[in-house]
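In: Whatever this is, show me its structure:
(one chain, ligands or ions: 1)
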Amino acid sequence: MTGQSASYAIRAEKLSRRFGDTLAVQDLDLEVETGRIYGFLGPNGCGKTTTIRMLTGLLQPSNGRVEVLGCNLPEDAEKLRLQIGYMTQKFSLYDDLTIEENLKFIAHIYGLTARARKQRIEELLSIYGLQEKSKQFAGSMSGGQRQRLSLAAATLHKPKLLFLDEPTSAVDPENRREFWEQLFDLSDQGTSILVSTHYMDEAERCHKLAILENGIKRADGSPDELMQQMGSRVVEISSSELRSLKQTLIALPEIISAAQLGARLRVLVKDSVDDPIGFLSQQPSVKPEDQLNLVRPSLEDVFVTCTGVRADSGRQQS
Ligand SMILES: Nc1ncnc2c1ncn2[C@@H]1O[C@H](COP(=O)(O)OP(=O)(O)OP(=O)(O)O)[C@@H](O)[C@H]1O
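Out: Now for the predicted structure:
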């Protein structure tokens with residue numbers, strides 16, 4: 001790949017990976033700008049981990065080209081190693097070492113001198129609010145603390161690029177929010193971040209994201225761009241007969257999905273319908289007293305329009 005690579009932390013062209021008969025990742029083109037947070041949004045099994053492993057140089061692609069921080073992979077994987085941080089889905093630290101011992105161990109691996117090690121560990125314990133717990137065994141920490149320790153370990157060597165594979169799947173909403181504040185601090189300091197998730201609220205925080213399904217990128221862009229260009233419009237219907245209304249509407253070819261939200265039915269209508277409210281009002285199952293409103297799309301609507309499934313379930317939407 002040539003030109004413009006300085007402004008991109010990651011560039012991939014036609015990246016593919018096959019496992020036997022399974023095409024886990026298929027012809028993925030990707031551009032992640034330096035200093036930005038880029039998300040992979042998709043259900044379990046859509047190829048997020050496989051892609052991340054190829055981008056870190058840990059897994060050889062079956063096809064395609066990858067350039068990460070100016071290194072061509074897989075040839076330059078060793079050169080890249082010290083410049084990236086990788087937080088995997090599983091807690092990969094030692095339960096029977098304390099928080100401080102875990103960080104010391106990682107610092108040894110990165111070859112920090114005793115002085116640099118002490119200074120950096122103190123800094124990390126403070127950034128991630130772990131000073132009071134530094135002598136506690138990692139195995140006895142809460143989900144949120146483990147996650148903070150994992151982030152401290154992944155950033156110990158101040159990597160330019162950070163890969164986070166579903167980093168918040170085991171933590172509560174408050175810890176998730178705090179975790180994202182820390183990611184924005186890192187991004188503000190110039191760190192590029194690639195994060196995979198199946199949470200809509202997390203995806204919406206990314207500067208840009210790619211929606212993945214069955215190893216294929218269905219759409220990419222900023223959350224706003226994706227919502228503006230989604231190819232459908234959203235109508236919410238308040239009615240007394242939501243269950244039967246839903247069944248009749250989803251049988252229409254113009255309707256992408258209809259999902260009940262409390263007392264309302266959220267209906268995705270294809271863009272080919274000029275006047276979605278007029279169209280729905282004419283349906284015999286919609287009663288004159290029903291209330292119909294055109295509403296702002298959410299990222300979940302984008303996801304359903306692109307894939308026909310919900311990101312957090314993998315099930316077919318109806
Ligand atoms: N080492 C492997 N051998 C065989 N198949 C694999 C291997 N790794 C991944 N796969 C398959 O590739 C597909 C994508 O898996 P991948 O783990 O990348 O998805 P994912 O989106 O990260 O989901 P999850 O969050 O569940 O890990 C799946 O069908 C999976 O079974």
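
In: Run a quick check on N72 versus G64, I expect a contact.
Out: No: contact criterion C-beta atoms under 8 Å: N72 and G64 do not qualify, at 11.7 Å. In this view, the C-beta of every residue, glycine as well, is placed from N, C-alpha and C.

In: how is this structure carved up into domains?
Out: 5-226, 231-296 (automatic domain parsing).

In: So for the last one, mean pLDDT?
Out: Looking back up the chat, that one is domain 231-296. Averaged across domain 231-296, the pLDDT comes to 94.

In: Can you get me the start-to-end distance on that domain?
Out: 13 Å (C-alpha to C-alpha, to the nearest Å).

In: do the same with stretch 226-246
Out: Using C-alpha to C-alpha, the end-to-end distance of stretch 226-246 comes to 26 Å.

In: If we go by neighbour counts, what in it is buried?
Out: Using 16 or more other C-beta atoms under 10 Å as the test for burial, stretch 226-246 gives 226-227, 230, 232-235, 237, 239, 242, 245-246.

In: Please apply the same query to stretch 66-73.
Out: With burial defined by 16+ other C-beta under 10 Å, the residues of stretch 66-73 counted as buried are 66-69, 71, 73.

In: can you map out the helices along the stretch 1-150 of the chain?
Out: Using DSSP state H, counting those that start in this stretch, the helices of the stretch 1-150 of the chain run over 48-55, 77-81, 99-109, 114-127, 143-154.

In: which one of the ones you listed has the most crowded surroundings?
Out: Comparing these by mean neighbour count (mean count of other C-beta atoms under 10 Å), helix 48-55 comes out on top with a mean of 24.

In: ok so, going back, ok, so of the buried residues of stretch 66-73, who is nearest the ligand?
Out: Closest approach between these and the ligand, by C-beta to the nearest ligand atom: V66, at 15.5 Å.

In: Tell me who's in contact with the closest one.
Out: Counting by C-beta atoms under 8 Å, 6 or more residues apart in numbering, V66 touches 10-12, 15, 54-55, 72-74.

In: Please repeat the previous calculation with a cut-off of 7 Å.
Out: For V66, the contact set (C-beta atoms under 7 Å, 6 or more residues apart in numbering) comprises 12, 15, 54-55, 73.

In: tell me the least confident of those?
Out: Comparing the contacts of V66 by pLDDT, L73 comes last, at 91.

In: Hmm, that residue is touching G57, no?
Out: Yes: look at L73 against G57 with C-beta atoms under 7 Å: they come within range, at 4.9 Å.

In: and whichever residue of the stretch 201-318 of the chain sits closest to the ligand, what pLDDT?
Out: Closest contact between the stretch 201-318 of the chain and the ligand, by C-beta to the nearest ligand atom, is at G215 (6.4 Å). As summarised for this prediction, G215 has a pLDDT of 93.

In: same check, this time on T2
Out: Turning to T2, the model gives it a pLDDT of 46.

In: now swap in G308 and tell me
Out: G308 carries a pLDDT value of 69.

In: and whichever residue of the stretch 101-250 of the chain sits closest to the ligand, what does it touch?
Out: At 5.8 Å from the ligand, E166 is the closest residue in the stretch 101-250 of the chain, using C-beta to the nearest ligand atom. E166 makes contact with 89, 196-197, according to C-beta under 7 Å, 6+ apart.

In: from these, which single one is nearest I99?
Out: Closest approach between the contacts of E166 and I99, by C-beta to C-beta: Q89, at 20.4 Å.

In: same for the top helix by length along the chain, what does it pack against?
Out: Longest helix in the chain, counting residues (DSSP state H): helix 173-188. Contact here means 3 or more C-beta pairs under 7 Å, 6 or more residues apart in numbering; DSSP states H and E; on that basis helix 173-188 packs against helix 143-154, strand 192-197.

In: surely V295 meets E236?
Out: Yes: judged on C-beta under 7 Å, V295 makes contact with E236 at a distance of 5.2 Å.

In: Neighbours of Q26, how many?
Out: Close neighbours of Q26, defined as other C-beta atoms under 10 Å, add up to 19.

In: interface residues of the stretch 151-300 of the chain facing the ligand?
Out: When proximity is defined as C-beta under 6 Å from any ligand atom, the stretch 151-300 of the chain approaches the ligand at E166.

In: And the strands in the stretch 151-300 of the chain, which stretches?
Out: In the stretch 151-300 of the chain, the strands defined using DSSP state E, counting those that start in this stretch lie at 161-165, 192-197, 208-213, 216-221, 232-238, 255-261, 264-270, 291-295.

In: Same list, those, but as JSON lines with distance to L80 please.
Out: As requested, the strands of the stretch 151-300 of the chain are exported to JSON lines (distance: least, C-beta to C-beta, whole Å):
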{"stretch": "strand 161-165", "distance to L80": "9"}
{"stretch": "strand 192-197", "distance to L80": "13"}
{"stretch": "strand 208-213", "distance to L80": "21"}
{"stretch": "strand 216-221", "distance to L80": "23"}
{"stretch": "strand 232-238", "distance to L80": "40"}
{"stretch": "strand 255-261", "distance to L80": "41"}
{"stretch": "strand 264-270", "distance to L80": "41"}
{"stretch": "strand 291-295", "distance to L80": "45"}
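
In: No further questions, thank you.
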